[in-house]
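K.L.:
Please find the sequence and the predicted model below.
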Protein chains: 2
Amino acid sequence: MIQYNMTSRKQSGPPQHETPVGFGPHAHANCVGDALASAEARCAAEGLRLTPVRRKVLEILLEEHKALGAYAILDRLRDAGFGSQPPVAYRALDFLSENGFVHKIERLNAFVACMHPGAHHTPAFMICRKCDAVAEATSTPSKGALGAAAKAAGFQIERTVVEAEGVCPACAETSA
Amino acid sequence: MIQYNMTSRKQSGPPQHETPVGFGPHAHANCVGDALASAEARCAAEGLRLTPVRRKVLEILLEEHKALGAYAILDRLRDAGFGSQPPVAYRALDFLSENGFVHKIERLNAFVACMHPGAHHTPAFMICRKCDAVAEATSTPSKGALGAAAKAAGFQIERTVVEAEGVCPACAETSA
DNA sequence: ATCTCACATGTGATTTTATAACGTTAGCTT
DNA sequence: AAGCTAACGTTATAAAATCACATGTGAGAT
């Protein structure tokens, strides 16, 4: 199994947009630990309460490193000894997504851990329809055709959902 | 109530992208009739079967001119004497969206009639969070930051979801 | 003309996703 | 300790989507 870095910051040539997080293997233990630590730090700094359930949900999403439905998360919460009714998961997910630690993938009715913690950003996602792997990039939809259309129409954009569905490199290879 | 044209083709200055459909009033009877006629024509030309249920669902969406959930559509189907179980609506919606006559708004779990019938396009939507009005524009997400990220990651885009949530001109005025 | 095969529809049941409502608990503030 | 607020646990229910299976229907083959 090849081993390459997940972010492209250190690679040869990503042009001028933010780290398009790639697919494939990477230093996962670090990635989980670092992200959790950074979430804790930010919560402390901003007076947000990263309670055990919330922390566990974030950990689950970081561990899995793919989009999980609320009920899949709930199963894991139950296994870990937390409450097992839907609101437990949904409330944690609400908190985490309001604060940018996780994002909802509308196309899948599922959730992923944020790959650009800390940064204010307008996320964009690449979703593999074969393996459900999800990679996060950043987009600037308000600067392209959509932004122009919004301006022309007098529409004030507050939030954008940008999701691309397709086939990830690994699955493309497998099927070939 | 002001009266302005819905398409911007005839207006002063939309740059070089396709007709960003605007919000607000327009010649609705024509719009519904024309769209239905054009759908019928295209189905005839391509050997697609625009059956009564399918036609009715398209008509409902054109009439309402906003995003409707499958169950809202189902209610109207029942009133019109069609079957009243969910699959009736979902199957018609599947057909219509596979063939580009309607689009699903993932953010709302709802459906709208296509405003660019006939054209192959990658739709983008502006959704008013106050009144749920939806305007359709076209986007070129594969040409911007997302396209670059996909290329860098080796991800093959097959389909994109682009939805902007915000406030439409009418609602912005009302609240002011 | 009728057979047949693919496609479309009707219906009941079920699954999946999400929220409402309400009491209890935990951590702060005073 | 009293009182406040945010978080949690649980029951119940709503909303969105699909499964499974019987029935109907229309176009081409025989």
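P.N.:
Nice, I can see it. Numbering: from 1, shown residues only, chains lettered A, B, ... in the order given.
K.L.:
Spatially nearest residue to A:H28, not counting backbone neighbours?
P.N.:
Taking C-beta to C-beta, 6 or more residues apart in numbering or on different chains as the measure, A:H28 lies nearest to A:H65, with 6.9 Å between them; neighbours along the chain are not counted. Just so you know, the C-beta spots here come from the backbone N, C-alpha and C atoms, and that holds for glycine as well.
K.L.:
ok, that neighbour - contacts?
P.N.:
With contacts taken as C-beta atoms under 8 Å, 6 or more residues apart in numbering or on different chains, A:H65 has the following neighbours: A:28, A:31, A:113.
K.L.:
One more: A:A145?
P.N.:
Taking C-beta under 8 Å, 6+ apart, we find A:A145 in contact with B:17, B:124, B:137-140.
K.L.:
What about the residues you listed, which one has the most neighbours?
P.N.:
Using other C-beta atoms under 10 Å in any protein chain shown as the neighbour definition, the contacts of A:A145 reach their maximum at B:A137, which records 30 neighbours.
K.L.:
can I assume that residue is in contact with B:F125?
P.N.:
Yes - here B:A137 lies in contact with B:F125, judged by C-beta atoms under 8 Å, at a distance of 7.4 Å.
K.L.:
follow-up on the earlier one: next, the residue nearest to A:H28: phi, psi?
P.N.:
When read as degrees, to the nearest 10, the backbone of A:H65 gives phi 60, psi 40.
K.L.:
For it, give me the pLDDT.
P.N.:
pLDDT, A:H65: 85.
K.L.:
Just the closest of the contacts of A:H65 to A:E173, please.
P.N.:
Each of the contacts of A:H65 was checked against A:E173 using C-beta to C-beta; the closest is A:H28, at 20.4 Å.
K.L.:
Could you report the neighbour count for that closest one?
P.N.:
By the measure other C-beta under 10 Å, the count of residues near A:H28 is 12.
K.L.:
per-residue confidence for it?
P.N.:
The pLDDT attached to A:H28 in the predicted structure is 81.
K.L.:
Repeat that for A:M115.
P.N.:
We note a pLDDT of 88 for A:M115 in this prediction.
K.L.:
Which helix or strand contains it?
P.N.:
When secondary structure is defined using DSSP states H and E, no element contains A:M115, which sits outside every helix and strand.
K.L.:
Would you list the phi and psi of it?
P.N.:
Per-residue torsions, A:M115: phi -100, psi 0 (degrees, to the nearest 10).
K.L.:
And it, how far from A:T138?
P.N.:
Per C-beta to C-beta, to the nearest Å, A:M115 is found 10 Å from A:T138.
K.L.:
cool, and A:A145?
P.N.:
Distance, A:A145 to A:T138, using C-beta to C-beta: 17 Å.
K.L.:
Check A:R107 too.
P.N.:
Distance of A:R107 to A:T138, given as C-beta to C-beta: 18 Å.
K.L.:
again, but for A:N109
P.N.:
When C-beta to C-beta is applied, the distance between A:N109 and A:T138 equals 23 Å.
K.L.:
same deal with A:D79?
P.N.:
Computed as C-beta to C-beta, the A:D79 to A:T138 distance reads 34 Å.
K.L.:
Show me what counts as buried in the helix with the most length in chain A.
P.N.:
With residue count as the measure and DSSP state H as the assignment, chain A has helix A:28-46 as its longest helix. If you call a residue buried by 16 or more other C-beta atoms under 10 Å in any protein chain shown, then helix A:28-46 has these buried ones: A:31-32, A:35-36, A:39, A:42-43.
K.L.:
So is the longest strand along chain A next to chain B?
P.N.:
Secondary structure assigned by DSSP state E gives strand A:156-167 as the longest strand of chain A. Yes - using C-beta under 8 Å from any C-beta of the partner chain, we find that strand A:156-167 touches chain B at A:156-167.
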